[in-house]
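A.B. asks: Just need the structure, nothing else, for what follows:
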Amino acid sequence: MKSRPQSSILLGCLGAGFLLGILIPPPLNAAEPPDSAAVITKLGDRGLAGRSAPVHLLSLFDQEGAKILSTDDFPLPFSMEQTCNPCHDYERISGGWHFNAGSKEIDPGRPGQPWIYVDTTLGIQLPLSYRNWPGIMHPEELGISRWDFLEKFGGLMPGGWGADWQAAQPVYRPEWFTAGEPEVNCLACHNRSLKQDRAEYHRQMELGNYAWAATAAAGLADVSGSTHNLPPLYDPFLPRPLDEEDQNSPRVRYGPGLFTAKDKVWLDLTRRISDERCYACHSSLYAHEDPLAFDPLPADVHITAGMACVDCHNNNLDHQITRGYEGAKDEESWASCRGCHLGQSQADSPAGRFGAPEPAHAGLPASHLVNLSCTTCHSGPWPQHDQHLVKTSQSHALGTHAVDPAPSALPAIAGPVYLPGADGKLAPQLALWPAYWGLMDEQTIQPLHLEQVRKLRAVAALNDSTLEQGRWPRDSNDVALALAGLDSLFPGEGPPVYVSAGLVAMLQPDGQLISVLNSAGDPYTWPIAHAVRPARQALGAGGCRDCHAGSAAFFYGNIGAATLGYPAQGATLIMSEMMGVNVFYAHFLDGIILLRPAFKFVLILGTILISAIVLLISFKLLSKLLNSLAPKRWEP
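C.D. replies: Residues are numbered from 1 along each chain as shown. Here you go, the predicted structure:
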């Protein structure tokens with residue numbers, strides 16, 4: 001039997017290297033390596049194939065750099081870094097937008113979709129991110145470690161959270177060693193094969209097979225077993241005879257016929273990523289739509305015109321994806337709506353890119369172009385009197401085996417709601433109302449760590465055997481008992497509160513439970529950019545009363561804060577209140593628009609009458625003038 005004890009070899013090499021580093025001093029005036037941010041050094045990054053697609057007939061390498069052979073008795077998962085790095089700058093790529101979500105040093109740009117932590121047994125729904133977006137919660141605030149975060153959301157992410165994430169972990173977790181490093185999953189985007197399976201990636205990550213997930217998802221191998229319940233510091237990468245303990249260890253079986261006679265593998269890769277790969281992580285479904293329909297959402301007008309996602313959302317080698325919104329950094333302004341359709345971008349990116357038509361906006365007041373984002377009229381579903389519940393790939397695991405088909409499946413995201421964006425312009429957004437337990441200090445609420453809430457719920461379960469794994473809290477009695485328990489656990493630290501559905505619940509000195517509005521219950525919102533509707537389907541295509549009418553949902557739609565159980569009904573606002581527009585002013589505008597035809601008639605009639613009077617007076621004055629200038633006739 002062939003074995004390859006790479007770990008032992010690696011440890012020996014590291015030890016020898018350490019000794020040599022001590023015994024042999026570095027040379028004086030050693031040359032500094034070139035700046036990787038300014039120099040493209042790898043063959044595959046230079047674009048030397050022109051417009052043709054290079055053939056990727058490759059040797060696969062495992063995480064220790066050993067070539068994977070078809071004759072291996074104990075094959076390991078292939079490593080993206082070891083396999084791709086000879087031709088591509090893996091380190092530079094791994095700093096890209098999709099892979100740097102754990103860094104607080106990166107410019108976060110405008111607020112984006114959060115990771116949503118939902119636990120109905122704790123009564124919690126939280127928008128999380130390591131990016132410094134306004135209104136977001138950082139995982140550390142809730143006692144969520146890097147490992148916990150990866151366990152919860154790793155299957156929905158494209159990898160790239162290895163050594164940096166481990167270094168940021170304050171307490172070492174032996175599970176990091178056992179599960180392996182979740183490297184950047186290059187094939188998640190660049191693999192054209194129909195075997196690429198996001199659901200399998202999600203399943204393997206849930207099994208704790210971080211180093212194996214990309215291999216299984218690519219359809220190159222079957223991966224069985226799990227790192228869960230393995231002993232601490234157990235090394236599943238070492239070959240050994242199968243014993244009882246090893247039965248659950250991850251095992252790789254590469255597909256028959258995968259390797260050539262020279263033990264190479266052909267990968268069908270592309271630089272121009274297909275829309276289907278983007279949809280895997282960037283899709284939305286609206287609860288009002290028929291889930292059995294083949295294509296329940298209208299296609300984006302750009303897609304129907306033959307464009308692809310990457311035509312606008314492209315990147316250079318650094319993989320900093322162009323987000324393409326108004327107000328983005330200058331080098332991205334060409335990809336905004338105005339950049340393509342109005343030419344308000346760099347001089348080398350004039351209007352008309354990709355044949356973009358210049359909008360006429362006939363009859364549209366100029367103030368609308370100043371105060372409204374293009375997406376207000378052109379993106380997302382039309383506003384409804386009761387806003388839609390929305391599912392997204394990232395928050396509801398669409399396309400995986402974990403998806404909940406119920407229209408009301410949590411997290412409860414509502415939209416569209418129309419709010420001022422980061423640039424101050426009104427824009428359609430999705431909204432998530434947080435739910436959490438905390439302690440109030442004056443008007444500031446500090447969220448409790450999840451472990452503290454779990455202990456609280458455990459006490460509640462002891463007093464209520466029917467609680468089991470269902471939703472909690474279920475009613476006001478549950479909330480009151482929990483808040484009383486928190487008061488005894490944190491004496492003198494401020495009144496405990498429960499934030500949910502836009503309201504803050506707290507106990508009065510007499511023990512009565514009250515719920516009040518507080519900014520801590522405000523929703524976290526992020527913009528809707530797609531699907532973009534054509535001009536004939538835009539708001540306003542039917543006239544001003546699409547928005548300015550007493551029954552128009554744009555101003556008067558109901559926004560009900562979604563609840564996890566308590567309170568039975570959350571805070572309810574109308575759209576104009578969330579916009580910050582006085583409802584009486586909105587009705588005043590409706591009245592003006594309603595009477596606009598009458599105004600036009602009166603204006604036209606008045607213009608005709610005034611013109612007739614002016615003409616009549618003019619004719620009379622002209623007649624007098626002519627008479628005064630005419631020679632007088634002599635009369636005998």
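A.B. asks: Which element, helix or strand, includes residue 605?
C.D. replies: helix 596-629 (DSSP states H and E).
A.B. asks: Tell me the buried residues in that helix?
C.D. replies: Across helix 596-629, burial judged by 16 or more other C-beta atoms under 10 Å covers no residue at all. Heads up, the C-betas are built off the backbone N, CA and C, glycines and all.
A.B. asks: for the record, mean pLDDT for that helix?
C.D. replies: Regarding helix 596-629, the rounded mean pLDDT is 85.
A.B. asks: Also stretch 500-520?
C.D. replies: 88.
A.B. asks: Return the distance of the helix or strand hosting residue 559 from the chain's centre.
C.D. replies: Residue 559 belongs to strand 558-560 when assigned by DSSP H and E. Relative to the centre of its chain, strand 558-560 is centred 23 Å away, using C-alpha atoms, centre = their mean, to the nearest Å.
A.B. asks: quick one: average confidence on that strand?
C.D. replies: 84.
A.B. asks: Relative to residue 118, how far out is residue 404?
C.D. replies: Going from residue 404 to residue 118 by C-beta to C-beta, to the nearest Å gives 10 Å.
A.B. asks: same thing with residue 485?
C.D. replies: Applying C-beta to C-beta, the value for residue 485 to residue 118 is 22 Å.
A.B. asks: re the thing from before, what is the strand holding residue 559 packed up against?
C.D. replies: strand 413-420, strand 572-574, helix 575-579 (3 or more C-beta pairs under 8 Å, 6 or more residues apart in numbering; DSSP states H and E).
A.B. asks: So which elements touch the last one?
C.D. replies: Packing partners of helix 575-579 (3+ C-beta pairs under 8 Å, 6+ apart): strand 413-420, helix 553-556, strand 558-560, helix 583-594.
A.B. asks: ok, 10 Å please
C.D. replies: strand 413-420, strand 426-432, helix 553-556, strand 558-560, helix 583-594 (3 or more C-beta pairs under 10 Å, 6 or more residues apart in numbering; DSSP states H and E).
A.B. asks: Could you pull out the strands in the stretch 451-600 of the chain for me?
C.D. replies: 496-500, 503-507, 513-517, 524-527, 558-560, 572-574 (DSSP state E, counting those that start in this stretch).
A.B. asks: Please read the previous query as pertaining to the stretch 201-350 of the chain.
C.D. replies: 221-224, 251-254, 265-267, 284-286.
A.B. asks: quick one, which of these is packed in tightest?
C.D. replies: strand 284-286 (a mean of 20; mean count of other C-beta atoms under 10 Å).
A.B. asks: Partner strands of that one and their direction?
C.D. replies: Take DSSP bridges as the rule and strand 284-286 pairs in its sheet with strand 388-392 (antiparallel).
A.B. asks: List the contacts of the strand it pairs with.
C.D. replies: Under the contact criterion C-beta atoms under 10 Å, 6 or more residues apart in numbering, strand 388-392 has outside partners 113, 116, 281-289, 291, 380-382, 396-398, 403-416, 430-432, 528, 562.
A.B. asks: Which residue would you name as the spatial centre of this protein?
C.D. replies: residue 113 (3.3 Å; C-alpha atoms, centre = their mean).
A.B. asks: I figured that residue hits residue 411, correct?
C.D. replies: No - if you go by C-beta atoms under 10 Å, residue 113 and residue 411 don't touch, sitting 11.2 Å apart.
A.B. asks: intersection of neighbour lists for those two?
C.D. replies: 127, 392, 395, 432.
A.B. asks: what's the most buried one of the helices and strands packed on strand 558-560?
C.D. replies: strand 413-420 (a mean of 23).
A.B. asks: What helices and strands are in contact with that strand?
C.D. replies: strand 284-286, helix 374-378, strand 388-392, strand 426-432, strand 524-527, helix 553-556, strand 558-560, helix 575-579.
A.B. asks: please redo it, this time with the cut-off set to 7 Å
C.D. replies: strand 388-392, strand 426-432, helix 575-579 (3 or more C-beta pairs under 7 Å, 6 or more residues apart in numbering; DSSP states H and E).
A.B. asks: Next SSE downstream of the lowest-mean-pLDDT helix or strand in the chain?
C.D. replies: Across the helices and strands of the chain, mean pLDDT, DSSP states H and E gives its lowest value to helix 6-23, namely a mean of 38. Counting by DSSP H and E, the next helix or strand C-terminal to helix 6-23 is strand 56-58.
A.B. asks: now for that next one, which elements pack on it?
C.D. replies: With 3+ C-beta pairs under 7 Å, 6+ apart as the test, strand 56-58 has strand 265-267 packed against it.
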